[in-house]
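Chemist: quick check, what structure comes out for this input:
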Amino acid sequence: MTAELKSTSQGATMVLTICNPEHRNALGPEMYAAGVEALSVAESSAEVRSVVIVGQGTTFSAGGNLQRLQANRQQPPEVQAQSIEQLHSWIEAIRTFPKPVIAAVEGAAAGAGFSLALACDMIVAADDAIFAMAYSSVGLSPDAGGTWSLAHAMPRQLASELLMNGERIGAQRLFELGIVNRVVSAGQAMTQALAIAEKLNDRAPNAIASIKELLNDAPGAMLSRHLASERDHFVRNLHHANAGIGIEAFLTRSKPRYE
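Modeler: Below you'll find the model as predicted:
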């Protein structure tokens, strides 16, 4: 079976499914371009308000295909560099995508699979899900933004432990560390992710886009500059039609229907 990234719809939510069951949903170049294209289409579609990324079956993603990586060792370094650049384009597309992206994790999320989940805005994980930055176990260093995401999400010592030891860590522990948003019964990650997405779909998309942009910019911004950015976003959103809809709905205790 050919590895692919399938795109389907659940209401206003686009579902991207990692499909490579023969290799535990290992990621590959054929998925990277598809991921970037799918998000590009979703960004310009008013019908899509959120995205959920899930693995086919009972595994989210085992990360890189080690057989492909072993073969690439016989190729010029530029071959692997180009592949990683494609992966990184997908990661950047997720981070800068102006709509919420939720990872629904069942089973294992290892290596680049873990990094992919970390690139999402939220993570819903089954209670038996296992995460691992397994790169060092095979003599490799991380890609797909794994070091960046963990360095921003937890103290250096904890990030060092996860990245250097490459040990498996459960969903509950990551929930306690603030990395996972929800821990649910096995088999329910997708259901819960869609439920969260549905709630987000009811929010004003322009406000959600501003929140995501501000969150992305905050770690590297000086306070004065970030306050100015918050001001500009607030004023722009106040004068958007959705603010009038939202405020009126709140005052009249009715359900807002945002544009």
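
Chemist: rest of the way, CA atoms for contacts and neighbours
Modeler: Will do.

Chemist: may I have the lowest-mean-pLDDT helix or strand in the chain exported as CSV, CA atoms only?
Modeler: Across the helices and strands of the chain, mean pLDDT, DSSP states H and E gives its lowest value to helix 66-72, namely a mean of 88. C-alpha atoms of helix 66-72 as CSV (Å, rounded to 0.1, in the frame of the first residue of the first chain):
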residue,chain,number,x,y,z
LEU,A,66,14.3,3.8,8.9
GLN,A,67,14.6,1.7,5.8
ARG,A,68,14.4,4.9,3.7
LEU,A,69,16.9,6.7,5.9
GLN,A,70,19.3,3.8,5.6
ALA,A,71,19.0,3.9,1.8
ASN,A,72,19.6,7.6,1.9
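
Chemist: got the contact list for the helix or strand following it?
Modeler: Sequence-wise, the next helix or strand downstream of helix 66-72 (DSSP states H and E) is helix 77-96. Applying Cα atoms under 8 Å, 6 or more residues apart in numbering, the external contacts of helix 77-96 come out as 29, 32-33, 35-36, 39, 69, 72, 101, 116, 119-121, 143-145, 212-213, 216.

Chemist: in helices, which of the residues you listed fall?
Modeler: Residues of the contacts of helix 77-96 located in helices (DSSP state H): 29, 32-33, 35-36, 39, 69, 72, 116, 119, 212-213, 216.

Chemist: need the buried ones from these selected in PyMOL.
Modeler: Burial among those is assessed by 16 or more other Cα atoms under 10 Å; the matching PyMOL selection reads:
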select buried, resi 29+32+35+36+39+116+119+212+213
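
Chemist: could you find the closest non-adjacent residue to S229?
Modeler: L214 (7.6 Å; Cα to Cα, 6 or more residues apart in numbering).

Chemist: show the pLDDT at that neighbour.
Modeler: If you check L214, the pLDDT there is 96.

Chemist: so it sits against A228, correct?
Modeler: No: shown here, L214 and A228 do not form a contact pair, counting by Cα atoms under 8 Å, at 10.9 Å.

Chemist: between these two, which one's more packed in?
Modeler: L214 (17 against 11; other Cα atoms under 10 Å).

Chemist: quick revisit: between the ones in helices among the contacts of helix 77-96, which is nearest L5?
Modeler: G35 (7.0 Å; Cα to Cα).

Chemist: wait, doesn't the closest one sit right on M14?
Modeler: No: using Cα under 8 Å, G35 is not in contact with M14; the gap is 11.5 Å.

Chemist: show me the domain layout of the chain.
Modeler: 4-201, 205-252 (automatic domain parsing).

Chemist: the helices in this protein, which residues?
Modeler: 29-43, 66-72, 77-96, 112-119, 146-153, 156-165, 171-176, 189-201, 205-217, 223-238, 241-252.

Chemist: cheers, nothing more for now.
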